[in-house]
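Student: the amino acid sequence is not available; the structure is as follows:
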Ligand SMILES: Nc1ncnc2c1ncn2[C@@H]1O[C@H](COP(=O)(O)OP(=O)(O)O)[C@@H](O)[C@H]1O
Ligand SMILES: [Mg+2]
């Protein structure tokens, strides 16, 4: 068993958070019934830091993540309380227009299923290039050039050929790489990745995670990585937030939480992952 995160640079615990979720509550109101999906969640992430969010299915991880860019469908979603601060601003209080300017430029998301973000009827290259044209006003040739560089950076071989292909012509792993290129091409300061490798086979999962870790370090991004895989947490994250039924039941450094879980739920989660006894 190797050490946890041997190469993650030490991170000062008191460095100011770039993104801070404070007391977030999210409801889904369906007719007369209400699902309290997120109940007073706190989460903070600084530049250069990776915070993992774990918890079983339905614990509110995705609803929390989508709240940052206010992407939960409204209705049925209602933001019932709390704040999401980025760069001194409360994102929940911004207009759609202001948020639109942040999306993809300051804060990006990668989802489990690339097809939620890729248009099946458009070639992939121009879809990535569109982000640059939209946010940076780049002209076609310059956007294309930077897109090719981005495809290369995320490890896509023959970027010129891939640029012209449609999503269905790519493997799942390549599609996820395109998604990551699309998320990162605008050089965001915060990346939120929601189970980005769950749909992929194990070997490809590993490659994509290695890629994310590498890009995170190279660009000193603040990363929120949602996963149900504690092995992934051990290898990629500095900090872990454990959610259960909409609440944060435990949070702390990965070493502390894995070594001395305080919460009963966290203990059971760890116990269900037998290879993760601390080194
Ligand atoms: N669009 C939605 N409409 C209604 N309920 C939703 C919606 N999205 C999420 N929920 C509910 O919110 C709760 C948390 O879901 P989610 O955040 O997706 O959990 P996780 O990502 O941890 O699996 C669940 O009970 C889920 O059914
Ligand atoms: Mg989810």
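Tutor: Nice, I can see it. As the structure is a computational prediction, the values presented were derived from the model and not from experiment. Ligands and ions are numbered 1, 2, ... in the order given.
Student: switch to C-alpha atoms for all contacts and neighbour counts from now on
Tutor: Noted.
Student: how about the residues of the protein near ligand 1?
Tutor: Within the chain, the residues that sit near ligand 1 (CA under 6 Å from any ligand atom) are 28, 37, 57, 58, 59, 60, 61, 62, 63, 73, 76.
Student: count of residues packed around residue 145?
Tutor: The tally of other residues near residue 145 (other CA atoms under 10 Å) stands at 12.
Student: for it, which three-state class applies?
Tutor: helix (DSSP: H, G, I helix; E, B strand; the rest coil).
Student: same check, this time on the one 10 residues further on
Tutor: Going by three-state DSSP, the secondary structure assigned to residue 155 is coil.
Student: how about residue 253, nearest residue that isn't a chain neighbour?
Tutor: In space, and not counting its chain neighbours, residue 253 is closest to residue 239: 4.2 Å by CA to CA, 6 or more residues apart in numbering.
Student: you'd agree residue 148 is in a helix?
Tutor: Yes: counting by three-state DSSP, residue 148 is part of a helix.
Student: contacting residues for the residue lying closest to it once chain neighbours are set aside?
Tutor: Spatial nearest neighbour of residue 148, excluding adjacent residues (CA to CA, 6+ apart): residue 159 at 5.8 Å. Contacts for residue 159 (CA atoms under 8 Å, 6 or more residues apart in numbering) come out as 148, 151, 152.
Student: and the last one, how many neighbours does it have?
Tutor: The one in question is residue 152. By other CA under 10 Å, 17 other residues sit near residue 152.
Student: that one is in what secondary structure piece?
Tutor: Assigned by DSSP states H and E, residue 152 belongs to helix 140-153.
Student: buried stuff in that helix?
Tutor: Buried residues in helix 140-153, counted by 16 or more other CA atoms under 10 Å: 143, 144, 146, 147, 148, 149, 150, 151, 152, 153.
Student: same check on stretch 127-141?
Tutor: Neighbour-count burial for stretch 127-141, with 16+ other CA under 10 Å as criterion, is recorded at 127, 128, 129, 130, 131, 132, 133, 138.
Student: give me the contact list for that stretch.
Tutor: With CA under 8 Å, 6+ apart, stretch 127-141 has contacts from 101, 104-105, 118-119, 143-144, 146-147, 178, 181-182, 185-186.
Student: kindly recompute the last result at 6 Å.
Tutor: Stretch 127-141 is touched from outside by 143, 144, 147, 182, with contacts defined as CA atoms under 6 Å, 6 or more residues apart in numbering.
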